[in-house]
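Engineer: sharing a sequence plus its predicted fold:
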Amino acid sequence: MHTHTHRYTFLTIAVLFGVCCIGMENFCRTNYATDDLYNCCMAAATELAAVDVDVDVRSAEEQLAINFGEGAVEKRENQVLVSSPEGELMYDAKGGNLLFYMNEKLSDGSMQEDVDVDVTVANDKEDGDDDGSSSAIKEMVTDEQAIYAARAMMEHLKLSLKADAKVNKNSIKDFKFQTIVLDTPITRSLPNYSEYVDGANEVKNMTKQERAENDELARTRRDSVRAAMQHAWSGYRAHAWGKDELRPVQKGGRDTYGGIAVTLVDSLDTLWMMGLMDEFNEARDYVRDHLNHDVAVNVSVFETTIRSLGGLLSAYDLSGDPMFLKQADDLGSRLIKAFDSPTGIPYGMTKLAHRRGIGKKGAKNNDSFNSAWTGGHSILAELGTIQIEFRYLAHATGKQHYADKANKVFELMREIAPENGLYPIFINNSEGPGFATRNNKITFGAMGDSFYEYMLKVWLQGGRTEQGYRDMWDQSMDGLHDFLLHRSLPGGLHYIADLVDDLDKQQNVVHHKMDHLVCFLGGAMALGAYTDPRGLFSKEAQRDLKTGKALAYTCYQMYARMFTGIAPEFVNFNEGGNDFVAPATGKHYLLRPETVETLYILYSLTGDKTYREWGWEIFMAIESNCRTSVGYGSLSDVNSFFQTPMDRMESFFLAETLKYLYLLFDPDSNIDLLGRHVFNTEAHPLRIFPALKRENETCYNDENDIADINCQAESK
């Protein structure tokens with residue numbers, strides 16, 4: 001990127017046929033008695049033209065000819081800076097303007113509920129740069145600046161369209177539905193973060209006053225995240241109470257995990273940590289009076305453990321209410337059946353309800369299995385991401401078999417550890433155990449990710465004494481650097497590729513693809529570096545910290561370079577001369593938390609306020625693109641400006657995404673990543689075992705056969 005001197009610049013949107021009436025259905029019905037958006041748009045344009053308002057209803061070819069002269073259509077590709085399904089952002093070298101041409105075929109669609117955003121436009125320019133050449137254009141307007149400008153223009157357009165409710169036929173000349181020209185002086189230039197690309201940036205220590213000012217700003221942003229949680233929770237309470245998920249568009253609920261109130265349970269600690277005590281207490285009462293795990297449905301052992309069991313345990317750890325532990329013990333007793341395989345490697349699915357008329361112990365009560373699509377194998381991330389929860393449950397209840405079964409899994413995996421520390425994702429649990437011999441791959445993305453995360457976090461949970469877990473983590477970090485870490489062209493972004501079986505070549509081949517899920521690694525590697533037994537300034541710790549920071553920058557760019565400011569599910573690197581692209585199969589967004597998780601951890605450890613800025617950009621993009629009238633929805637295309645969010649709000653949006661954003665902006669949090677807490681992979685904080693012992697908050701209750709920390713709950 002280049003640094004330029006700021007001066008005024010003009011940005012123009014040419015609104016083409018069929019587009020101008022998006023979001024104007026009510027206006028059309030009121031003033032023109034029609035639902036036909038195209039005809040309504042033309043009628044409005046005619047009236048606007050009669051009162052001498054500048055409305056551009058030319059075709060794309062006509063407008064290009066006006067702006068670029070003869071042969072403009074043929075020259076068009078050379079002038080396009082960025083493009084989307086809705087149009088193209090182009091540079092007018094003659095006029096010095098950026099122009100966003102909307103696609104004339106986009107004649108229907110709807111807009112999500114908008115929010116008021118103070119938008120300014122960044123376009124940096126140096127005197128003497130405007131020579132009309134392609135190279136000068138590229139030098140003047142970077143991809144990031146162009147995307148930022150397009151985003152800003154679309155915010156202005158959406159706000160203008162939103163004003164249609166105040167328009168009537170007699171005052172139509174006041175409606176700013178026209179070619180939009182922004183001549184706002186540049187008050188915010190797009191920051192140049194290029195020093196973060198390789199993770200070697202040095203953190204400038206803030207003065208006491210600077211830190212106080214930054215913390216005060218963070219508190220206002222924390223309040224905005226809290227308001228987002230209240231908005232989503234209110235929608236869930238009103239339309240999906242007791243259901244697993246809210247349908248944020250249709251305003252209903254759905255049971256995707258067996259009908260055990262997953263969103264409610266997953267959100268308990270978020271409500272507590274945000275101080276939403278009325279909401280927390282109402283949810284607590286539901287858990288006490290209505291939550292029932294005795295359901296005859298098959299559930300994912302992994303998902304139910306990290307979301308529901310983790311949510312109950314964290315609520316217990318924070319509040320000291322033994323009711324949560326009773327519910328957790330009940331759920332754990334149902335999930336633990338999945339460990340009864342020939343090898344002790346758990347099955348992926350189980351039925352929560354105990355079989356009627358059969359004792360609760362023994363193989364006859366085991367309705368557990370692996371899904372057919374896995375080839376009958378267990379999945380690496382699933383079998384290795386349940387240990388923190390069952391170990392804590394054993395510690396709190398005194399029922400050691402929970403921990404024994406969970407610990408055995410890692411013992412078995414350590415016995416078959418590959419030399420490079422990198423595990424294929426499909427594991428045979430019927431014999432061996434061993435690795436599946438066909439269609440296997442090595443990845444830190446889907447189906448592999450959190451297995452590595454728990455190597456480190458189980459070691460932290462136990463007080464850094466169980467060295468085998470740490471050894472597995474360190475070995476995997478060596479393997480990651482040796483075999484999976486790559487850099488993109490032309491920008492030099494760090495990314496973690498996959499190794500995939502190639503049956504024809506009888507070897508693993510590199511797939512230059514990275515899931516959003518991999519973005520947890522930036523924070524995990526930093527946490528591993530800061531807790532490295534060899535010391536933070538050891539060669540290995542500094543290597544891991546640097547790579548973690550570089551990955552955080554890449555993950556931030558996955559947001560910043562998309563038109564919506566939202567990252568896709570995955571990207572492919574080094575395609576078409578780009579660092580990365582969002583392919584058609586990966587352009588969706590599921591409200592995922594991994595990047596903001598990393599930003600929170602990195603800010604907590606380094607104090608670099610830039611991570612707060614990145615987090616705020618992400619939060620504002622979520623607000624602008626994903627918010628509905630009752631919650632937040634996923635996106636089908638992160639490069640599409642106008643779209644209705646999908647009718648899906650995963651429970652992890654409340655449990656993880658909003659929680660990590662809140663903590664990122666919360667200077668008053670008592671969460672201690674290095675000395676007191678460990679987060680499970682669903683962002684449920686639990687105190688590590690030495691902290692529990694040190695704080696003497698566990699008192700054994702013989703009568704109920706459970707642990708009770710109410711004895712000193714006031715110390716929280």
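Structural biologist: Yes, it's here.

Engineer: kindly list the longest helix within this protein.
Structural biologist: Of all segments of type helix in the chain, defined using DSSP state H, the longest is helix 208-239.

Engineer: now do the same end-to-end measure for stretch 428-446.
Structural biologist: Stretch 428-446 has an end-to-end distance of 18 Å (criterion: C-alpha to C-alpha, to the nearest Å).

Engineer: also stretch 620-631?
Structural biologist: This stretch, stretch 620-631, spans 15 Å end to end (C-alpha to C-alpha).

Engineer: tell me which residues of it come out buried.
Structural biologist: 620-628, 630-631 (16 or more other C-beta atoms under 10 Å). Glycine gets a C-beta too; all of them are placed from N, C-alpha and C.

Engineer: burial count for the closest residue to H239 other than its chain neighbours?
Structural biologist: Spatially, and ignoring its direct neighbours in sequence, H239 is nearest to K251 (4.7 Å; C-beta to C-beta, 6 or more residues apart in numbering). K251: 16 surrounding residues under other C-beta atoms under 10 Å.

Engineer: ok, the nearest residue to A691 once chain neighbours are set aside to K609 distance?
Structural biologist: Take A691 and drop its neighbours on the chain: the residue closest to it by C-beta to C-beta, 6+ apart is R676, 4.6 Å away. Distance, R676 to K609, using C-beta to C-beta, to the nearest Å: 24 Å.

Engineer: ok, now N420?
Structural biologist: According to C-beta to C-beta, N420 and K609 sit 37 Å apart.

Engineer: the stretch 601-716 of the chain: helices as residue ranges?
Structural biologist: In the stretch 601-716 of the chain, helices defined by DSSP state H, counting those that start in this stretch lie at 610-626, 651-652, 658-664, 689-695, listed in chain order.

Engineer: ugh, typo on my part, it should be the stretch 401-550 of the chain
Structural biologist: Remark: helices assigned in the stretch 401-550 of the chain by DSSP H, counting those that start in this stretch are 401-415, 449-461, 467-479, 520-530, 539-560.

Engineer: V581: how many residues sit nearby?
Structural biologist: Close neighbours of V581, defined as other C-beta under 10 Å, add up to 18.

Engineer: residues touching it, list them.
Structural biologist: Listed by C-beta atoms under 8 Å, 6 or more residues apart in numbering, the contact partners of V581 are 571-572, 575.

Engineer: ok, 10 Å please
Structural biologist: Counting by C-beta atoms under 10 Å, 6 or more residues apart in numbering, V581 touches 561, 568, 571-575, 587, 639.

Engineer: if I pick P433, what's in contact with it?
Structural biologist: Residues in contact with P433 (C-beta under 10 Å, 6+ apart) are 341-345, 377-378, 383, 409, 412-413, 415-416, 427.

Engineer: these in strands, which ones?
Structural biologist: Filtering the contacts of P433 for membership in strands, criterion DSSP state E, returns 378, 427.

Engineer: can you name the two of the contacts of P433 that sit furthest apart?
Structural biologist: Taking C-beta to C-beta as the measure, the contacts of P433 span a maximum distance of 17.5 Å, between H377 and E415.

Engineer: hmm, back to that, from the contacts of V581, which is closest to E195?
Structural biologist: R561 (17.6 Å).

Engineer: ok, that closest one touching V571?
Structural biologist: Yes: between R561 and V571 a contact is recorded at 9.2 Å, counting by C-beta atoms under 10 Å.

Engineer: give me the more crowded residue out of the two.
Structural biologist: Legend: neighbour count by other C-beta under 10 Å for R561 and V571, higher for V571 (29 against 23).

Engineer: helix, strand or coil for the more buried one?
Structural biologist: strand (DSSP: H, G, I helix; E, B strand; the rest coil).

Engineer: tell me which residues form a beta bridge with it?
Structural biologist: On the basis of DSSP bridges, V571 takes part in beta bridges with M514.

Engineer: separation between it and P490?
Structural biologist: Distance, V571 to P490, by C-beta to C-beta: 15 Å.

Engineer: repeat for E303
Structural biologist: Taken as C-beta to C-beta, the span from E303 to P490 is 40 Å.

Engineer: higher neighbour count, those two?
Structural biologist: Set E303 next to P490 and count neighbours by other C-beta under 10 Å: E303 wins out with 19 against 9.

Engineer: so which of the helices of the stretch 401-550 of the chain is the most packed in?
Structural biologist: Mean neighbour count, computed with mean count of other C-beta atoms under 10 Å, is highest for helix 520-530 among the helices of the stretch 401-550 of the chain, reaching a mean of 26.

Engineer: quick one: mean pLDDT over that helix.
Structural biologist: Averaging pLDDT along helix 520-530 gives 98.

Engineer: ditto for stretch 554-565
Structural biologist: Mean pLDDT, stretch 554-565: 91.

Engineer: end to end, how far does it reach?
Structural biologist: Terminal residues of stretch 554-565 lie 14 Å apart, using C-alpha to C-alpha.

Engineer: mind showing which ranges of the protein have poor pLDDT?
Structural biologist: Applying pLDDT under 70 to the chain picks out residues 1-192, 356-365, 437-438, 502-506, 641-642, 696-716.

Engineer: try 90
Structural biologist: Filtered on pLDDT under 90, the chain yields the residue ranges 1-194, 202-205, 354-367, 430-440, 501-508, 560-565, 575-578, 624, 639-644, 694-716.

Engineer: F280 is in contact with M274, isn't it?
Structural biologist: Yes: with contacts defined as C-beta under 10 Å, F280 counts as touching M274 at a distance of 8.9 Å.

Engineer: which residues do these two both contact?
Structural biologist: Contact criterion C-beta under 10 Å, 6+ apart; residues shared by F280 and M274: 233, 267.

Engineer: that older thread, can you lay out the buried residues of stretch 620-631 as a markdown table showing distance to A232?
Structural biologist: Output for the buried residues of stretch 620-631, formatted as a markdown table (distance: C-beta to C-beta, whole Å):
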| residue | distance to A232 |
| --- | --- |
| M620 | 16 |
| A621 | 16 |
| I622 | 11 |
| E623 | 11 |
| S624 | 16 |
| N625 | 15 |
| C626 | 10 |
| R627 | 9 |
| T628 | 9 |
| V630 | 8 |
| G631 | 5 |
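
Engineer: looking at these, which one is closest to Y402?
Structural biologist: Lowest distance from Y402 to these (C-beta to C-beta) belongs to G631, with 34.5 Å.

Engineer: identify the residues contacting G434.
Structural biologist: For G434, the contact set (C-beta under 10 Å, 6+ apart) comprises 343, 377, 416, 424, 427-428.

Engineer: beta partners of it?
Structural biologist: Beta-bridge partners for G434, by DSSP bridges, are N428.

Engineer: distance of it from S371?
Structural biologist: For G434, the distance to S371 equals 19 Å [C-beta to C-beta].

Engineer: and if you look at L325?
Structural biologist: In terms of C-beta to C-beta, L325 sits 31 Å off from S371.

Engineer: more neighbours: which of the two?
Structural biologist: In terms of neighbours (other C-beta under 10 Å), L325 is the more surrounded of L325 and S371; the figures are 25 against 15.

Engineer: right, and the more buried one touches L313 too?
Structural biologist: Yes: in this structure, L325 is within contact of L313 by C-beta under 10 Å, at 7.5 Å.

Engineer: okay, and the common contacts of these two?
Structural biologist: Counting by C-beta under 10 Å, 6+ apart, the common neighbours of L325 and L313 are 332, 393, 396.

Engineer: circling back: looking at the helices of the stretch 601-716 of the chain, which is buried most?
Structural biologist: helix 658-664 (a mean of 27).

Engineer: which other helices and strands contact that one?
Structural biologist: helix 208-239, helix 268-273, helix 594-606, helix 610-626, strand 677-679 (3 or more C-beta pairs under 10 Å, 6 or more residues apart in numbering; DSSP states H and E).

Engineer: can you check what angle separates the first one from helix 610-626?
Structural biologist: It refers to helix 208-239. Going by axes from the mean of the first three to the mean of the last three C-alpha atoms, to 10 degrees, helix 208-239 is angled at 30 degrees with respect to helix 610-626.
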